[in-house]
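Provided below are the primary sequence and the corresponding predicted coordinates.
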Amino acid sequence: MPRSVLTSKVVFLTGAGASVPLGLPDTKRFLDDFFQVDCRELAAGDADLQEYLSGLQREAVAGGWDVENMLDVLQGDRKAADRLALRPMFLKRALNGNPAAVGPFVAATDAILELLQDKLVEHFSAVDAERAADLYRPILQDYPDWFSDIPNLGRTVLIFTLNYDVAIESAATVLQRRDPDRAKPPVRLVDGLMDQDGVVGRRWSPRAFYDYSAERGRSNVVLVKIHGSVRWGRRVAQPGVIAELALDVGRDPGSYETLVLYPTAGPKPIEQEPFHTGYRLLASCLGHTRLLVAIGTSFRDAELCLLIRDAMEDNPLLRLVVVGPDLVHSEAAKRVGVSPIRVAGLRTKFGFPTHGKYDHPDRPTYQSLMGGVRELARAAYDVKQYPGSPRFGATSIVSEDGLWREEGAQS
């Protein structure tokens, strides 16, 4: 791994909440829409399926499910049906000796699972590129200026994402062009996809990261999608081939399997590529950096929490910043399994509203979220004379006018 990436001073991690400002549904709203629209179409004219879906919906409402819970239940039921149908006592007592009796249940579960996965890929394939550029510009393009007083910052922006939408890629496509109205360098994105000799189209390869070097005159963005992408396809006949897919082809087109880790709470196959490389890169980077900024992340993935917890144990200088409209630093610390005094919460929506406050006459207008992250980076790197409004061991509430209110401080 190049030193410019391995020693990145600030590492970003985005989750599903980071895409909500772009109009993409969070996991709870997605499931609500799925029941209200897609399930009704699926079950039209099928009374048995309607009854099954109504029962699932009642469970979902009572349990406060989101799409992760739904996928867990359906996949669990599917595996249990296959297993129990082979158990002699279950076959005799519950199925009256007829293994085909479980068939309608299996068929209904499969139909719902297929539709749910299709809709996930469909929903997260559509992103407004201009809107994404406006949302991510402060990170992708303005990062070097905002964090310019962090020692040895470099010009590499390192982003890990749990999302398999194309928000950051779409933003980078817009920002790769020089804008005559903004004295900012164009964005160059490295995302694991690269041209290979003798191959039509781009393929995913870990070489894209291991051979990386920053280019002068550009804002270099390294994007690592640790849960896959709607535009990655694994060739079924050649599992080692991971190709770039068009965004309008849907799930599992032709001879390719769409390569995403669907949002379940259960174990994920992170020992397989490309997921193995993504998790390995994140672990390597957290061993050297001092600040991990998690935006819109629920910390429900056991594998991710274990990785961060191990990194904070091995790297005593590492601090965690969590960003979201409902986040409390102590709850995030509990989910990850780390001390709350090493965690800071910024309770605010993801976005970069400008409100006219300045913290230095030579700096651009203070923006509440990016300004808050910058102050925490200064604190993590012990930059002298930083304003230091937010701090670790507390949750800071950010108002629209840029004022901070700290609550829940722990020392």
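Everything's here; your move.

Flag the shaky bits of the stretch 51-200 of the chain, pLDDT-wise.
178-182 (pLDDT under 70).

tell me the contacts of the residue nearest the centre of the chain?
Centroid-nearest residue in the chain: residue 162, 2.5 Å away (criterion: CA atoms, centre = their mean). Remark: with contacts taken as CB atoms under 8 Å, 6 or more residues apart in numbering, residue 162 is in contact with 13, 14, 15, 16, 226, 227, 297, 301, 304. Backbone N, C-alpha and C define where each C-beta goes, glycine included.

Test my guess that the first one contacts residue 297.
Yes - if you go by CB atoms under 8 Å, residue 13 and residue 297 touch, sitting 6.0 Å apart.

if you look at the contacts of residue 162, which of them are in helices?
residue 304 (DSSP state H).

what residues does stretch 337-347 touch?
Counting by CB under 8 Å, 6+ apart, 305-306, 308-309, 312, 318-330, 332-334, 336, 369, 372-373, 376, 390-398, 408, 410-411 sit against stretch 337-347.

Tell me where the stretch 301-411 of the chain has helices.
Counting by DSSP state H, counting those that start in this stretch, the stretch 301-411 of the chain has these helices, from start to end: 302-314, 329-336, 368-380.

so for the shortest one, what's the average pLDDT?
The pLDDT scores in helix 329-336 average 95.

packing partners for it?
helix 302-314, strand 319-324, strand 343-347, strand 394-398 (3 or more CB pairs under 8 Å, 6 or more residues apart in numbering; DSSP states H and E).

Would you convert those into CSV that also reports mean pLDDT?
Putting the helices and strands packed on helix 329-336 into CSV (pLDDT from 0 to 100) gives the following:
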stretch, mean pLDDT
helix 302-314, 96
strand 319-324, 94
strand 343-347, 91
strand 394-398, 82
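
nearest to residue 147, of the contacts of residue 162?
Closest approach to residue 147 among the contacts of residue 162 (CB to CB): residue 13, at 16.5 Å.

OK, contacts around the closest one?
Residue 13 makes contacts with 159, 160, 161, 162, 282, 292, 293, 294, 295, 297, as judged by CB under 8 Å, 6+ apart.

excluding its backbone neighbours, what's nearest residue 132?
residue 171 (4.0 Å; CB to CB, 6 or more residues apart in numbering).

tally of neighbours for that neighbour?
Using other CB atoms under 10 Å, residue 171 has 28 neighbouring residues.

Surely it is in contact with residue 129?
Yes - using CB under 8 Å, residue 171 makes contact with residue 129 at a distance of 6.9 Å.

tell me the SS of residue 138?
Per DSSP: H, G, I helix; E, B strand; the rest coil, the secondary structure class of residue 138 is helix.

Tell me how far it lies from residue 171.
11 Å (CB to CB, to the nearest Å).

And the pLDDT for residue 363?
48.

Number the chain from 56, please
With the count now opening at 56, the last piece we talked about shows up as residue 418.

Tell me which stretches of the stretch 156-305 of the chain form helices.
Per DSSP H, counting those that start in this stretch, the stretch 156-305 of the chain carries helices over the ranges 158-178, 184-195, 198-201, 222-230, 262-265.
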